[in-house]
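K.L.:
Dropping the sequence and predicted coords here.
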Amino acid sequence: MGTLFLVRHATTAASQSGVNLGQKTDAPLVEAGRALAARTGAAIRAELEAIGAGEPRMLTSPARRCRETARLVARALDGGDLEPEAHDGLWEIDYGAWEGLSAEECHRRDPELRVRWEADPYATRTPGGESGSDVAARAFAALGPLEEWLAGDRGAAAVVVTHNHVVRLRIAAQLGIPMADYRRRVEATPGGYSMITFTPARATVRRLNVLPPDAPARSP
């Protein structure tokens with residue numbers, strides 16, 4: 001039974017302010033995001049120790065926010081020697097003309113399209129960008145070989161650091177949720193991780209959007 005940890009990158013200025021951050025802006029983590037990524041790594045390390053898994057493989061989106069998160073997670077796992085492999089299929093959705101906008105601004109700019117997109121983001125493309133099905137096609141192609149490897153190796157583990165839409169789409173598919181509902185039915189918080197185990201017969205979602213505990217307060 002191999003184990004996959006599917007991680008959304010930690011906090012950026014865009015996630016703090018609630019605006020779309022897709023492919024056009026390669027933003028870094030904020031300071032709180034870097035601390036969160038380190039805690040996420042520590043939580044995953046504890047999970048790996050509990051299941052007795054060996055050193056995991058790591059994949060990451062090429063986006064700076066994901067690469068920074070992956071490096072901090074790797075440092076928590078093994079001191080930083082683990083080298084994450086970047087894969088273009090793991091990029092966030094291309095928001096097109098909605099890049100950098102809030103939900104309210106998207107509604108004002110494209111009211112009819114935004115309503116259709118919110119009703120079915122899997123089938124509806126953003127203006128000049130992608131639909132959820134576009135993201136799923138490339139992201140699932142990146143994840144599929146890794147999941148096959150996990151299904152064939154009882155002690156194998158992998159950590160994938162990616163984005164909001166990628167995480168929600170993959171979890172929705174594994175749970176059998178209608179893909180039109182992936183934004184409504186699945187949450188992916190910055191720094192959160194989900195845990196999926198694989199056997200040749202099935203995939204099982206065992207953790208969903210787990211957030212690591214806050215760092216303990218220091219004594220005066």
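P.N.:
On my side now, so go ahead.
K.L.:
show me where this protein has strands.
P.N.:
Counting by DSSP state E, one finds strands in the chain at the ranges 2-8, 57-60, 85-86, 157-162, 193-198, 203-210.
K.L.:
Gly176: which of those is closest?
P.N.:
With CB to CB, the closest approach to Gly176 among the strands of the chain belongs to strand 203-210: 10.2 Å. In short, each C-beta sits where N, CA and C put it, glycine included.
K.L.:
check contacts around Ala10.
P.N.:
Shown in contact with Ala10 (CB atoms under 8 Å, 6 or more residues apart in numbering): Leu29, Gly33, Arg34, Leu36, Ala37, Thr40, Arg65, Glu68, Thr69, Leu72, Pro190, Gly191.
K.L.:
Give me the neighbour count for the closest residue to Leu82 other than its chain neighbours.
P.N.:
Distances taken as CB to CB, 6 or more residues apart in numbering place Ala74 nearest to Leu82, at 4.1 Å, with adjacent residues excluded. Residues lying near Ala74 (other CB atoms under 10 Å) number 22.
K.L.:
rewinding a little: format the strands of the chain as CSV; extra columns: mean neighbour count.
P.N.:
Below are those laid out as CSV (neighbours: other CB atoms under 10 Å):
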stretch, mean neighbour count
strand 2-8, 26
strand 57-60, 22
strand 85-86, 14
strand 157-162, 27
strand 193-198, 22
strand 203-210, 16
